[in-house]
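Colleague: Dropping a prediction and its sequence here:
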Amino acid sequence: MLAIGIIPARYASTRLPGKPLIDLGGQTMIERVVRQAQQANLQRVVVATDDERILAHVRGFGGEAVLTSPNHPSGTDRVRDAYEQLGITADCVVNIQGDEPFIHPDQINALLALFADPATQIGTLVKPVVSEEELFSPHLPKVVLDSRGRALYFSRHPLPYQRQHAPTEWLAYHCYLRHIGLYAYRPDVLRALTQLPPSPLELAESLEQLRWLEAGYPIQTAETELETIGIDTPEDVERALRLIEARR
């Protein structure tokens with residue numbers, strides 16, 4: 001199977017401008033993401049950016065990068081742009097978040113394994129929720145699955161609602177799942193997803209994957225126990241630096 005990893009990386013960020021180029025213990029964030037992805041079962045890892053500084057930086061440390069339009073409304077659109085620029089035919093395209101410097105190769109490989117089934121059109125990861133803080137954080141979307149491991153719904157609110165128990169008891173009575181925002185697609189499905197208009201559920205929850213579900217695209221999931229840390233704020237940077245230091 002020919003699998004391509006594409007990492008969308010924008011320079012502009014409301015809370016953390018220029019975050020792909022932030023230094024994290026001697027490497028920029030984008031270099032850390034690239035190096036982690038290169039250890040997975042991917043034939044190529046490509047950064048998709050709208051900024052010449054990021055493009056030059058990635059090429060400078062030996063990575064592969066392409067320049068995409070600055071007008072893409074989402075990372076999915078940027079991934080499609082980059083894939084089409086590559087001019088190749090892959091079996092699977094993986095969208096790797098550019099602000100996840102601790103993404104683990106095994107997480108990417110778990111996603112790729114889903115595509116051994118020809119019925120898989122879109123794949124993503126889920127992780128068991130282990131704390132009330134995770135469960136009730138609107139910044140950590142939750143997901144409910146059917147019996148085949150396909151996503152039924154994603155929400156920023158804990159699902160399911162347990163009517164018979166107090167919210168402080170919910171984790172004791174149900175295994176809640178948190179969504180990890182790593183995606184993989186068949187190339188034709190990726191192209192079709194970028195042509196869909198925003199949907200009512202997507203607009204309500206501000207979760208792009210709900211647009212795909214509303215349009216009838218099944219999303220297959222794989223479970224991971226590995227933790228990742230997204231970098232969105234200066235506080236996240238400090239937390240990442242502490243983790244890097246602890247691992248040395």
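Modeller: Happy to help now that I have it. Numbers count the residues shown, from 1 in each chain.
Colleague: hey, which helix is longest across the protein?
Modeller: In the chain, with assignment by DSSP state H, the single longest helix is helix 234-247.
Colleague: who does that one touch, helix- and strand-wise?
Modeller: Judged by 3 or more Cβ pairs under 8 Å, 6 or more residues apart in numbering; DSSP states H and E, helix 234-247 is in contact with strand 23-24. For glycine as for every other residue, the C-beta is placed from the backbone atoms N, C-alpha and C.
Colleague: Partner strands of the strand it packs on, with direction?
Modeller: Next to strand 23-24 in the sheet, as set by DSSP bridges, lie strand 27-28 (antiparallel).
Colleague: Now do the strand ranked longest in the chain: distance to the chain's middle.
Modeller: When the chain is parsed with DSSP state E, its longest strand is strand 177-185. Put simply, strand 177-185 sits 6 Å off its chain's centre (Cα atoms, centre = their mean, to the nearest Å).
Colleague: who does it pair up with?
Modeller: If you go by DSSP bridges, strand 177-185 pairs up with strand 92-95 (antiparallel), strand 122-128 (antiparallel), strand 142-145 (antiparallel).
Colleague: Tell me which of the ones you listed is the most buried.
Modeller: Comparing the strands paired with strand 177-185 by mean neighbour count (mean count of other Cβ atoms under 10 Å), strand 92-95 ranks first with a mean of 24.
Colleague: Restrict the helix or strand that comes right after it to CA atoms and write it as PDB.
Modeller: Using DSSP states H and E, the helix or strand that follows strand 92-95 in sequence is helix 105-113. Taking C-alpha atoms only, helix 105-113 is exported to PDB below (Å, rounded to 0.1, in the frame of the first residue of the first chain):
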ATOM      1  CA  PRO A 105       4.600   6.500  14.600                       C
ATOM      2  CA  ASP A 106       2.500   3.700  16.100                       C
ATOM      3  CA  GLN A 107      -0.600   6.000  16.000                       C
ATOM      4  CA  ILE A 108      -0.100   6.600  12.300                       C
ATOM      5  CA  ASN A 109       0.500   2.900  11.700                       C
ATOM      6  CA  ALA A 110      -2.700   2.000  13.500                       C
ATOM      7  CA  LEU A 111      -4.600   4.400  11.100                       C
ATOM      8  CA  LEU A 112      -2.900   2.800   8.100                       C
ATOM      9  CA  ALA A 113      -3.900  -0.700   9.200                       C
END
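Colleague: which helices and strands sit right next to the following helix or strand past the longest strand of the chain?
Modeller: Reading on from strand 177-185 to the C-terminus, the next helix or strand found by DSSP H and E is helix 187-193. If contacts are counted by 3+ Cβ pairs under 8 Å, 6+ apart, helix 187-193 sits against helix 75-86, strand 92-95.
Colleague: With mean pLDDT as added columns, please give the ones you listed in JSON lines.
Modeller: Formatted as JSON lines, these follow (pLDDT from 0 to 100):
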{"stretch": "helix 75-86", "mean pLDDT": "96"}
{"stretch": "strand 92-95", "mean pLDDT": "98"}
